[in-house]
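**Q** Fold the following, please.
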Amino acid sequence: MTVIPDTEDKVINAELSYAGLEITGLTEESIAAKRAATELRDALAVSYSFKNICKIQYLGAFEKLTKLKLDNNFITRIENLDHLVHLQQLNLSFNRITKIEGLNALTKLKDLSLFNNEIQKVEGLDAQVATLEHLSLGNNKLDSLIDAFAGLRPFHGLRILTLQGNPIHDDPDYKLYALGRLPWLKYLDHRRTKQDELEKARDLYVDEILEIEDRENDQRLKAEDAAKAEAKRVKIEASNLTGVPDLFERMLAADPEYEKLRYIPNKEAPELCNGLELFKDKYQQRCEAFTELMDDQLERKKNERAEWQAVVDGELRQKDVEAREWVTEFETLKKHALRDCDKSEAGVTPELESRLRDLLDKSEELYNKLMAQEQWTAVVIDDLVTNYDLQLGEIVDESKKHVMDYFEYARGLEETYFDGFNEAVGSVLMRLGQDELDEADEEVKDFLGDKDRFMNSCQNHHDSHVNTIDTAEETMSKEEKRRHEAEVEELREWQATRNRGRVAEMLAMRKRYRGEIEEYLEGE
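**A** Model prediction:
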């Protein structure tokens, strides 16, 4: 490896990547041999300690890394680590880092060392709340007990914490404050925590801790409610039920006349819209049954797709085994022929030339067999996609029928409600005409007295409800159709991409084989 003066900043390159592989062995020679034979993508541990590295980069080749050491360098920023999703240990001690960042993708990180940097705040660790067990932040610039431990409080899995060497460590209340906020710690600043210290810390800060625990409990309950709501939303969307559970509420919200009509003749004894409660109850009952029905339809769709995928995978697996046998057979012939050519002291003899030309013919035969197989496979998969389209279409048609029936029922509820509404309107107008509507104020009486305006309002009230129901039905039916077409189109695109890739692979193989053989023929 080229020696670079210690004063020169470096970046991670290919040479440094291999040199950094952590390999165990009995001798330097065996370690070097193992290192040379290791693919970077398979490496599990890499060490770049004391390499004068100034920037984290060029780590893209490492796909399975679980341990990365970048300590004792000149790094100023945590970056370019998003692809290291398997990382469990990260050592960035003795650098020049000022901020904890760039760790959002490292959701498996258990051990993080940022000892001896220039960090002023505990932040940027949200992705590690559930996994972090060991955190070293000693010898940094943390100067606020409250801020530091507010940031660390969510880490209930944290067992080892080092903060020694920060300004907060000089606070006389530091240790008890730390143990009061993080009672689950096993080691604090390299010393095992003691039960009597934990009890003393809790007694000292009991009021604050209880307040924190109450606040955390409220946050936990809110988070659970939010998670349940999101899970429900996802489930509703998956079953194409978006807008169905809250249709009644949306219907009233979109009704421009509802607020004018709901309190006639007055708020204490409204009469016109009383039937909405029955409408709502019956709608919700039917909605529950409809939701179960559409959930069942979703399961049918999933099962149909799974069955289709199993058939396709089986077909491709069978053809792949067959193709591998053909290729292996040819590779064996090629290997023997080329090996004999390499061993021949007389070069490519007429006999060897004949074998090579026969090998060329066989490579062309192999190519033709593979192409014919792929053409047949493409036809089979196209037929399977077409059949899946038909099978899925039958399920979708049933879903559309369920949708139509459901919204027809909703329209029936609206018609029943509006019949009752009109009866109440007639009663109110009759009492108004007989001057017996004393419970209504003058504004309501004026509204009722303007017959055209009032009757138009009543009709718009009904029409708005019907329009909301009709729009919901149309939206849902169109979405069923769109999802069906999109899924089938996705499969056709997948098949076209698979076919193009397979053909390109065979063309490349054909070219490679011919090139290898012709190189021997031209060198005879």
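**Q** What mean pLDDT does the strand or helix carrying residue 338 get?
**A** Assessed by DSSP states H and E, residue 338 sits inside helix 276-343. For helix 276-343, the mean per-residue pLDDT is 96.
**Q** for that helix, packing partners?
**A** The helices and strands touching helix 276-343, judged by 3 or more C-beta pairs under 8 Å, 6 or more residues apart in numbering; DSSP states H and E, are helix 206-238, helix 247-253, helix 350-433, helix 451-522. Where you see a C-beta, it was placed from the backbone N, CA and C, and this is true even at glycine.
**Q** does residue 87 really touch residue 68, like I thought?
**A** Yes - counting by C-beta atoms under 8 Å, residue 87 touches residue 68, with 6.1 Å between them.
**Q** Could you find the closest non-adjacent residue to residue 95?
**A** Closest residue to residue 95 apart from its sequence neighbours, by C-beta to C-beta, 6 or more residues apart in numbering: residue 75 at 4.2 Å.
**Q** Can you list phi and psi of that neighbour for me?
**A** When read as degrees, to the nearest 10, the backbone of residue 75 gives phi -70, psi 130.
**Q** same question, residue 187
**A** Note on residue 187: backbone dihedrals following degrees, to the nearest 10 are phi -130, psi 130.
**Q** which residues pair with it across the strands?
**A** The partner list for residue 187 in beta bridges (DSSP bridges) reads residue 160, residue 192.
**Q** isn't it right up against residue 161?
**A** Yes - contact criterion C-beta under 8 Å: residue 187 and residue 161 qualify, at 7.2 Å.
**Q** Of these two, which one has the most company?
**A** residue 161 (25 against 13; other C-beta atoms under 10 Å).
**Q** For residue 407, see how far away the more buried one is.
**A** 59 Å (C-beta to C-beta, to the nearest Å).
**Q** Report the separation between residue 398 and residue 483.
**A** Residue 398 is 14 Å from residue 483, by C-beta to C-beta.
**Q** Could you do residue 84 as well?
**A** 36 Å.
**Q** Neighbour count for those two, which is higher?
**A** More crowded of residue 84 and residue 483, by other C-beta under 10 Å: residue 84, with 23 against 15.
**Q** The more buried one and residue 425, how far apart?
**A** 70 Å.
**Q** Indicate which one of the helices and strands packed on helix 276-343 is closest to residue 41.
**A** Proximity to residue 41 (C-beta to C-beta) singles out helix 451-522 among the helices and strands packed on helix 276-343, at 20.8 Å.
**Q** tell me the average confidence for the closest one?
**A** The model assigns helix 451-522 a mean pLDDT of 96.
**Q** How about stretch 122-131?
**A** 95.
**Q** who's in contact with it?
**A** With contacts defined as C-beta atoms under 8 Å, 6 or more residues apart in numbering, stretch 122-131 is touched by 78, 99-110, 112, 132, 137, 142, 147-148, 151-152, 154-155, 157.
**Q** Stretch 261-279 now?
**A** Counting by C-beta under 8 Å, 6+ apart, 248, 252, 258, 413-414, 416-417, 420-421, 424-425, 427-428, 437, 439-441, 444, 447-448, 457-458, 461 sit against stretch 261-279.
**Q** rerun that using 10 Å as the cut-off
**A** Here stretch 261-279 makes contact (C-beta atoms under 10 Å, 6 or more residues apart in numbering) with 248, 251-252, 255, 258, 260, 283, 410, 413-414, 416-425, 427-428, 431-432, 437-441, 444-445, 447-448, 454, 457-458, 460-461, 465.
**Q** Check the separation of the first and last residues in it.
**A** 16 Å (C-alpha to C-alpha, to the nearest Å).
**Q** What residues sit buried inside it?
**A** By 16 or more other C-beta atoms under 10 Å, the buried positions in stretch 261-279 come out as 261, 262, 263, 264, 265, 271, 272, 273, 275, 276, 279.
**Q** Export those as a markdown table, with columns for secondary structure and distance to residue 515.
**A** Formatted as a markdown table, the buried residues of stretch 261-279 follow (DSSP: H, G, I helix; E, B strand; the rest coil; distance: C-beta to C-beta, whole Å):
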| residue | secondary structure | distance to residue 515 |
| --- | --- | --- |
| 261 | helix | 84 |
| 262 | coil | 83 |
| 263 | coil | 88 |
| 264 | coil | 90 |
| 265 | coil | 94 |
| 271 | coil | 91 |
| 272 | coil | 87 |
| 273 | coil | 83 |
| 275 | coil | 83 |
| 276 | helix | 80 |
| 279 | helix | 77 |
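**Q** Those: which two are farthest apart?
**A** Most distant of the buried residues of stretch 261-279, by C-beta to C-beta, are 265 and 279, 20.8 Å apart.
**Q** What subset of the contacts of stretch 261-279 is buried?
**A** The buried subset of these (16+ other C-beta under 10 Å) comprises 248, 251-252, 255, 258, 260, 283, 410, 413-414, 417-418, 420-421, 424-425, 428, 431-432, 437, 440, 444, 447-448, 454, 457-458, 460-461, 465.
**Q** Check whether residue 169 really touches residue 189, as I assumed.
**A** Yes - assessed by C-beta atoms under 10 Å, residue 169 is found in contact with residue 189 at 7.5 Å.
**Q** which residues do those two both contact?
**A** Common neighbours of residue 169 and residue 189 (C-beta under 10 Å, 6+ apart) are 138, 162, 163, 175, 178.
**Q** Of these, which is the most crowded?
**A** residue 178 (25 neighbours).
**Q** Pretty sure it sits against residue 185.
**A** Yes - between residue 178 and residue 185 there is a contact at 7.5 Å, judged by C-beta under 10 Å.
**Q** which residues do those two both contact?
**A** 152, 161, 193.
**Q** just those residues now: which is nearest residue 338?
**A** residue 161 (62.4 Å).
**Q** contacting residues for residue 462?
**A** Residues in contact with residue 462 (C-beta under 10 Å, 6+ apart) are 255, 257, 414, 415, 417, 418, 421, 422.
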